[in-house]
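>>> Sharing a model that was predicted from the sequence below.
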Amino acid sequence: MRRNVQILLIILLVLLTSGVNASESFSRPVVISATVASVSETEDAVLAEVILDAVVLQLRLEGFEIQTIMGDSWPPDAKEQDFLLKSEYQITGNTISINIRSSASGSKSEESIADGSWSGPLSITLDDEIQKIIHNEIAPFLPRSIEVSRKDTEKAAAAGTAWVVAAIGVSQTESKQEDSTTLNAANRKKPFQFDIGGILTVPLSDTATYARLGYGGQISFGYAIPAGSIFIVPRVVIGGIWLPTEAPIPTDIFVFPFGLDLKISSGSNQPMLPYLHIGGGGSWFMVIPEGSPTQGKIVPYADAGLGIDFRFGPAFGIYADVFFRAMFEGSLILYGIYPGVGTSLRF
């Protein structure tokens, strides 16, 4: 039993190490392709140019590299930029309505990363209103840099790409410190977290002398709060576990935990996000011996663990974690290791 626990811990440690190694890279500026189009069939070339100039100016002030695309060439080749930003306008009398939407380049989904809109009279302050949309509604949700591998950096250097000159002069340590200030845009846009998955129970206390491997599930619901380069996620946690035994009298043990925990996760834009969590609450502990009355009571518990969240998009991911939990039954402490995997949803 202890050997199995050691193997589980080694596997999780390897995954965590892989995530750390993957983040050791250079960074380059984000490239955005921007365009302007009229919602109606009537287009105003002068007005479109004013809108595009205001968008480009503010994006450059925010630290992005910009490509401007006009006409039938939209959308551009996904290999040439990281994000697309489309501005649409409609004129009704003396009123203009503007909507600006950003999305990931090459994404099959139409879901936007960030969007903003404004409606008002045509005036000389139009460019100021557009710049406010970019500054307040668009730029905070886009990363300023993209991490690239050493191999890609060397290719860019051979091609004479401008950004790589500065990147080579920055150590990997400085790059990670700089990138750590960029929070995951998906978590900012989708702060609610819902996780559901299965868990195993590996008894380690006196229960291990007669209890076998247990099975169960767990559900958690939380809200991600940005704090520097991390997210703090308070969560409500509930679950259910079946623990069969090898006692002289066949007995089933059922445990239904319900409590709160605090999850601390990475705020980077990596697809593998490590996290820690600690919590506690109460467990409805039921013992069902064969041929005898069911016995049950609520006992307190505390737990702590770590894991990795593998993100496959802004809304969907798969997590793998392991935690240690102790339940306090009078003077007896029942504890064990709980490895698990599940689905991680963001909205």
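Great, that's in hand.
>>> Can you list the neighbours in contact with stretch 89-96?
Outside stretch 89-96, the residues that touch it by CB atoms under 8 Å, 6 or more residues apart in numbering are 36-40, 42, 44, 47-48, 51, 97-99, 119-122, 126. (Glycine included, C-beta is placed from N, CA and C.)
>>> Swap in 10 Å and give it another go.
Contacts with stretch 89-96, where a contact means CB atoms under 10 Å, 6 or more residues apart in numbering, come from 36-40, 42-44, 47-48, 50-51, 97-100, 118-123, 126, 129-130.
>>> That stretch - what's its average pLDDT?
Stretch 89-96 carries an average pLDDT of 88.
>>> Check the offset of it from the chain's centre.
Taking CA atoms, centre = their mean, to the nearest Å, the mean C-alpha location of stretch 89-96 is offset from the chain mean by 38 Å.
>>> Now do the end-to-end distance for that stretch.
Here the two ends of stretch 89-96 are set 7 Å apart, with distance taken as CA to CA, to the nearest Å.
>>> In it, which residues are buried?
For stretch 89-96, a neighbour-count test (16 or more other CB atoms under 10 Å) marks Tyr89, Ile91, Ile96 as buried.
>>> and what of stretch 115-133?
By neighbour count on 16+ other CB under 10 Å, the buried set for stretch 115-133 is Asp115, Gly116, Trp118, Leu126, Ile130, Gln131, Ile133.
>>> which one of those sits closest to Ile238?
The shortest gap between Ile238 and any of the buried residues of stretch 115-133 belongs to Asp115, at 35.1 Å (CB to CB).
>>> The closest one and Gly305: what is the separation?
Taken as CB to CB, to the nearest Å, the spacing of Asp115 relative to Gly305 amounts to 37 Å.
>>> What residues does the residue of the chain most remote from its centre make contact with?
Going by CA atoms, centre = their mean, the residue of the chain most distant from its centre is Gly291, 49.1 Å out. For Gly291, the residues meeting the contact criterion (CB under 10 Å, 6+ apart) are Ile249, Pro250.
>>> and what of Ser265?
Shown in contact with Ser265 (CB under 10 Å, 6+ apart): 184, 187, 193, 224, 230-233, 273-277, 307-309.
>>> That one is in what secondary structure piece?
Secondary structure here is read from DSSP states H and E; on that basis Ser265 sits in strand 251-266.
>>> Got the domain ranges for this protein?
Following automatic domain parsing, the chain resolves into domains at 31-141, 147-181, 186-346.
>>> Below-threshold pLDDT in the chain: ranges please.
Counting by pLDDT under 70, the low-confidence segments of the chain come to 1-26, 67-80, 106-111, 150, 152-189, 247.
>>> hmm, back to that, quick one: which of the contacts of stretch 89-96 sit in strands?
In this view, those that belong to strands under DSSP state E are Val36, Ala37, Ser38, Ser97, Ile98, Asn99, Ile100, Trp118, Ser119, Gly120, Pro121.
>>> helices or strands next to the helix or strand that comes right after the strand holding Ser265 in the packing?
Using DSSP H and E, the helix or strand that follows strand 251-266 in sequence is strand 272-289. Applying 3 or more CB pairs under 10 Å, 6 or more residues apart in numbering; DSSP states H and E, one finds that strand 272-289 makes contact with helix 2-22, strand 214-223, strand 230-244, strand 251-266, strand 295-311, strand 316-329, strand 332-346.
>>> need the contact list for the nearest residue to Asp261 once chain neighbours are set aside.
In this structure, Asp261 finds its nearest non-sequential neighbour in Gly279, 2.3 Å apart by CB to CB, 6 or more residues apart in numbering. With contact set as CB under 10 Å, 6+ apart, Gly279 has these partners: 220, 234-237, 257, 259-263, 301-305, 323, 325.
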